[in-house]
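**Q** give me a 3D structure for the following:
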Amino acid sequence: MSITRAALGLLLAVGPLAAQTTPLDAFRGNIAAIHSRNRAAYLSHYLHTPALARVGPDGLRQGYDSFAAGVGTAWPDTLVATQLRIVPVTPDVAYGVYRYRAVDSTGGVRGVSERVFVHTPAGWKIAVTTAFPTPDATPPPLAIVGATLLDGSGATPVRDAVVVTRNGRIACAGARSSCPVPADADTLRAAGKWIVPGLIDTHVHFSQTGWVDGRPDALDLRATYAYETVEAELHRRPERFFRSYLCSGVTSVFDVGGYPWTLDLQQRTARSTTAPRVVAAGPLLSTIDPWLNLPDQRQFVYMADEATVRQAVRAHKAWGAAAIKVWYIMPPQPPDSARMSALVHAAGDEARKVGLPLIVHATGLWEAKDALRAGARVLVHSVWSGPVDDEFLALARRAGAIYVPTLTVLDGYGQVTARHFLPDRGALRCVDRATRAKAFATDTVALAQRPPPSLRQRLGRIVRSLAPGLGSTRRHDQGALNLKRVFDAGIPVALGTDAGNPLTLHGASVFRELEAMQASGLAPRDVLVAATRNAARALDLDSTGTVTGGAVADLLVLDADPLTDIRHLRDIALVIHRGEAYTRRELEYP
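**A** Numbers count the residues shown, from 1 in each chain. Purely as a prediction, here's the structure:
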C-alpha cells in the first residue's frame, strides 16, 4: 500500500466497491465504510435478519435492528486494520479476520475482529461479527520498503532500504538484498520517505505540567490552581503527556527528578505500545532546601549531612530508581563550597556502591567540574556560567560523561517574565487541550494576578540556578558556544529539553531544542545521533536508539530528509513504537 494513502498509508487502502463479488471485496468494503463513516454503506454489508450474531467480551447478542440502532453514534477517530485474511469454508460461506486498532477521544484499543460471510443473491453478507480487545498482543509483522534508512549511528544512509519489524523488534534493516520481505508481513511502500530511530528526550519532569501551575516558584497562581490539586492530577493522568511524546516522535524519556510516583511509570511503560518508555530517577537530592514539595511527600531531598545523603541513595536503590540525580545549586553567597562538594562526592560514592549512575544539574563551571570529579555520568544541563575550559573537557572525557545542553528551557521562563507566550503552532498539535489553553493564558492570567514586586527577583533566582552570573542573551550564547566546544572535543552530546518547566511543553518542546542544537553549529547528522543513539546511552538503554537488527522497533517515517535540515524531524508520517505503527494524525490532539 502507498504510505500517502488513507491517512498516510497505515490504514488499509480500500475504497467503496460497486459490487461485493468475493468475500474479500465485502470485507474491504465493510472496513472502508468505517473509514468514511458511511452508515448506509456499513449496514449494507450485514444480513437484515434477527439471526445476525454479534459476539464480544460480554457474550452473544442477536438481531439486526438493535445492531443498526447503534451504528453511527460513535465512529472511531481512526481505525487501523491489518492482517486481513479470508478463509473459504464452503462455496457459500467464508471466514474473515483482521487485527484492529481503534482510536477516539478516550484513547485507543487493540483487538481482533472476525466475520462470517454468506453468499446471497445480493452478494456476500455478514452473518456473524466479533470483536475482542487484545491489549497485550504483539503487533503484527510489518515491512517498510523503499525509504532511505538513517539508522541513528551516523553511518552512511541506505537508500531503497527495507526495515522489517516482528514481535516488537527490528528483525532486519538494510538494503533490499539483505532484508527480504516476509510473506506474513504487512508491506508499506515508502519510496521517497526517510526512516530514523524514535527520538529520546533525556531530561523531562512528569511532576511538572509545562506551565506555571506546576512551578509556583516561577509565578504563584496557587490561589487559582491549588498546587496539591495540580500534582494529584499529574499523578492521575500522565497518559496525556504519553500521547504528546509519541505524537512528537519521542519513544523514550528520562524523568530526571520528581515525586516518588514517577518511579512507577517505569514498570507501567516498560512494554507499552501507547506510552514512551520511561526511565526515572525519582526525588532529587538537593544542596539547597526548596519549598516546592507536598505536605506528605517530597520531590526534593535536602542534603543536610552525609548520613542523610547516603541513606537517600540507598533508599533510591530500594525504590527502583534508575539513577541518582543531584541538584547542585550553590546557596546565597558566601556558599560553603567545601561542604557542598563533600556532600556531592558522598552521593557519588554511595551511588557507585549501590550500582546507580550519578546524574547532576550543575550549570556553573566550578560545580560541573566538581560533579565530574564526584563521578557524574550525565550532566543534565549546559555549563552557562562561562566558557568550558580544557580542565572541564579532560574531566568529562575521563568520566565518560554525556553532556545534555537543554538550550531552550530558559526561553519558557523568559516568556513568563514577559507574560507573552510564543506558540509553536505545528508542535502544539501534539499538546492536550487543557495544557494548550493554559499556555495561551500566560499573557492574561499572569497580568490578572498582579504579580508582587518580588516576582522578577524570584524568577531571577530560578534562572540563576540554571545559569549563574549571566544575562539572558549571554546565557543563550554561552550555552551554544559551550555545546559546540564540548562536541568538537569528542564528548558525547544527547538531546534533553527539561520538559515540564514553564512553557517547555512535554513532547512539543523537542523540535525547538533540536533546532537550537543545529543552530549552535552541530550538523544535522550529529543532532540526529544526539537524539537517538547517544540519548539511549544516557538512559542505559542498549536495545534502542538505532534502527538495527535486534533493537526495539522504535522508529519514525519522515516525509523529508533530516540530514539536509534537522527541522525535517517535524515532518512525521508514521511513529512506530515497539512495532505498533501510528499515523501522526491519529496521535494529534483535536
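**Q** give the contact list for the residue of the chain most remote from its centre.
**A** Ranked by distance from the centre of the chain (Cα atoms, centre = their mean), the top residue is Pro121, with 51.4 Å. Shown in contact with Pro121 (Cβ atoms under 8 Å, 6 or more residues apart in numbering): no residues. Where C-beta positions appear, they are placed from N, C-alpha and C, glycine not excepted.
**Q** now the strands for the stretch 451-590 of the chain?
**A** In the stretch 451-590 of the chain, strands defined by DSSP state E, counting those that start in this stretch lie at 555-558, 572-577, 580-583, listed in chain order.
**Q** which one, of those strands, ends up nearest to Arg28?
**A** strand 580-583 (19.1 Å; Cβ to Cβ).
**Q** sheet-wise, list the partners of the closest one with their directions.
**A** Using DSSP bridges, the strands paired with strand 580-583 are strand 572-577 (antiparallel).
**Q** pLDDT averaged over the strand it pairs with - what is it?
**A** When pLDDT is averaged over strand 572-577, the result is 96.
**Q** shaky segments in this protein?
**A** Where the chain drops to pLDDT under 70, the residues are 1-20, 104-107, 332-335, 446, 448-476.
**Q** can you give me the distance of the nearest residue to Gly63 once chain neighbours are set aside to Val118?
**A** Setting aside the residues directly before and after it, Gly63 is nearest to Pro50 in space (Cβ to Cβ, 6 or more residues apart in numbering), at 5.1 Å. Using Cβ to Cβ, to the nearest Å, Pro50 is found at 15 Å from Val118.
**Q** for Tyr582, same thing?
**A** Tyr582 is 35 Å from Val118, where distance means Cβ to Cβ.
**Q** okay, those two: which has more neighbours?
**A** Neighbour count, other Cβ atoms under 10 Å: between Tyr582 and Val118, Tyr582 has more, with 24 against 16.
**Q** what sits against Ile329?
**A** Ser286, Thr287, Ile288, His361, Ser465.
**Q** what about stretch 321-331, start to end distance?
**A** With Cα to Cα, to the nearest Å applied, stretch 321-331 spans 27 Å between its terminal residues.
**Q** circling back to that earlier point, for the contacts of Ile329, which one is nearest Ala318?
**A** Ser286 (19.9 Å).
**Q** what are the phi and psi angles of the nearest residue to that closest one once chain neighbours are set aside?
**A** In space, and not counting its chain neighbours, Ser286 is closest to Trp327: 4.1 Å by Cβ to Cβ, 6+ apart. The phi/psi pair for Trp327 (degrees, to the nearest 10) reads phi -90, psi 100.
**Q** again with Ala147
**A** Torsion angles, degrees, to the nearest 10, at Ala147: phi -80, psi 170.
**Q** so who does it touch?
**A** Residues counted as contacts of Ala147 (Cβ under 8 Å, 6+ apart) are Ala161, Val163, Ala190, Ala191, Gly192, Lys193, Trp194, Ile195, Val557.
**Q** how about the contacts made by the fourth one?
**A** Right, Ala191. Neighbouring residues of Ala191 by Cβ under 8 Å, 6+ apart: Val145, Gly146, Ala147, Asp160.
**Q** re the thing from before, which one of the strands of the stretch 451-590 of the chain lies closest to Leu60?
**A** strand 580-583 (30.1 Å).
**Q** how far off centre is the closest one?
**A** 13 Å (Cα atoms, centre = their mean, to the nearest Å).
**Q** report the separation between the nearest residue to Val313 once chain neighbours are set aside and Asp255.
**A** What sits nearest to Val313 in space, not counting adjacent residues and going by Cβ to Cβ, 6+ apart, is Glu350, at 4.0 Å. According to Cβ to Cβ, Glu350 stands 21 Å off from Asp255.
**Q** so those two - more neighbours on which side?
**A** Using other Cβ under 10 Å as the criterion, Glu350 and Asp255 rank with Asp255 on top: 27 against 21.
**Q** ok, and the closest non-adjacent residue to the more buried one?
**A** Ala280 (4.2 Å).
**Q** which residues in the stretch 101-250 of the chain form strands?
**A** Under DSSP E, counting those that start in this stretch, the stretch 101-250 of the chain gives strands at 107-120, 123-133, 142-149, 158-166, 169-175, 186-189, 194-197, 199-204, 250-255.
**Q** closest to Ala434 out of these?
**A** strand 107-120 (15.7 Å).
**Q** if we can go back for a sec, residues in contact with the residue nearest to Gly63?
**A** By Cβ under 8 Å, 6+ apart, the neighbours of Pro50 are Gln62, Gly63, Tyr64, Asp65.
**Q** for the residue nearest the centre of the chain, give its distance to His235.
**A** With distances taken as Cα atoms, centre = their mean, Tyr245 lies nearest the centre of the chain, 2.8 Å away. When distance is defined by Cβ to Cβ, Tyr245 is 17 Å away from His235.
**Q** ok so, going back, just put the strands of the stretch 101-250 of the chain in TSV and tack on distance to Ala427.
**A** As requested, the strands of the stretch 101-250 of the chain are exported to TSV (distance: least, Cβ to Cβ, whole Å):
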stretch	distance to Ala427
strand 107-120	21
strand 123-133	32
strand 142-149	23
strand 158-166	26
strand 169-175	28
strand 186-189	25
strand 194-197	17
strand 199-204	13
strand 250-255	12
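**Q** do you know which of those strands lies nearest Val344?
**A** With Cβ to Cβ as the yardstick, what comes closest out of those is strand 199-204 (19.0 Å).
**Q** does anything pack onto the helix or strand where Lys369 lies? Which helices or strands?
**A** Secondary structure assigned from DSSP states H and E places Lys369 in helix 365-373. When contacts are defined as 3 or more Cβ pairs under 8 Å, 6 or more residues apart in numbering; DSSP states H and E, helix 365-373 sits against helix 337-354, strand 358-361, strand 376-379, helix 390-399.
**Q** backbone dihedrals for Ala441, please?
**A** Torsion angles, degrees, to the nearest 10, at Ala441: phi -80, psi 0.
**Q** now Gly59
**A** Taking degrees, to the nearest 10 as the convention, Gly59 sits at phi 110, psi -160.
**Q** that older thread, got a list of what the residue nearest to the centre of the chain touches?
**A** Asp201, Thr251, Val253, Ala275, Pro276, His506, Gly507.
**Q** grab the nearest non-local neighbour of the first one.
**A** Right, the one you point to is Asp201. Nearest non-adjacent residue to Asp201, counting by Cβ to Cβ, 6+ apart: Val253, 4.8 Å away.
**Q** with the second one instead?
**A** The spatial neighbour of Thr251 that comes closest, neighbours along the chain excluded (Cβ to Cβ, 6+ apart), is Gly198 at 3.0 Å.
**Q** please report the distance of that neighbour from Leu246.
**A** When distance is defined by Cβ to Cβ, Gly198 is 9 Å away from Leu246.
**Q** do Gln62 as well
**A** Distance from Gln62 to Leu246, by Cβ to Cβ: 39 Å.
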